[in-house]
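1. predicted model, plus sequence, below.
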Amino acid sequence: MYANPLGGATLYLLTSLVINVAIAGGRYYTGSLYDLPLLSHFLWLALAGVIAYQNRSKSDAPSENAYDSDPDSTSEENVLAGSLGDGGGDFAPCVCYLHAAV
């Protein structure tokens, strides 16, 4: 589930590095071939979203965990905790963007 976003982020990192080197060397201009990997990064992330949407029933389904810390908890509590935990990943790109902008 997390391999596609990681791959897309890695592609963006490498593409950004190459574009920054090309800008420093005066070889980059908007619409050049350097933009193709950047475009593929966005397409890869869009594909990851489509795949996640298609497999949402598998990832949203609570699993019976033998190592559950609270055996009396209901499955609804487990789903809520998982959903809240997933939201923390939405904050990390904001922090990275703000750090890069400074």
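-> Thanks, I have the structure now.

2. use CA for all of it now, contacts and neighbours both
-> Noted.

3. where does this protein have its least confident helix or strand?
-> helix 75-86 (a mean of 53; mean pLDDT, DSSP states H and E).

4. pLDDT below threshold where in the protein?
-> Low-confidence regions of the chain, defined by pLDDT under 70, span residues 1, 59-102.

5. would you map the helices across it?
-> 3-24, 35-54, 56-60, 75-86, 92-101 (DSSP state H).

6. which parts of stretch 30-38 are buried?
-> 34, 35, 37, 38 (16 or more other CA atoms under 10 Å).

7. how many neighbours does residue 21 have?
-> Counted with other CA atoms under 10 Å, the neighbours of residue 21 add up to 13.

8. ok, it to residue 12 distance?
-> 14 Å (CA to CA, to the nearest Å).

9. what does residue 47 give?
-> Counting by CA to CA, the gap from residue 47 to residue 12 is 15 Å.

10. give me the more crowded residue out of the two.
-> residue 12 (18 against 15).

11. nearest residue to that one in space, please, no chain neighbours.
-> residue 41 (5.8 Å; CA to CA, 6 or more residues apart in numbering).

12. isn't the one you found right up against residue 16?
-> No - here residue 41 does not reach residue 16: they are 10.5 Å apart, not a contact under CA atoms under 8 Å.
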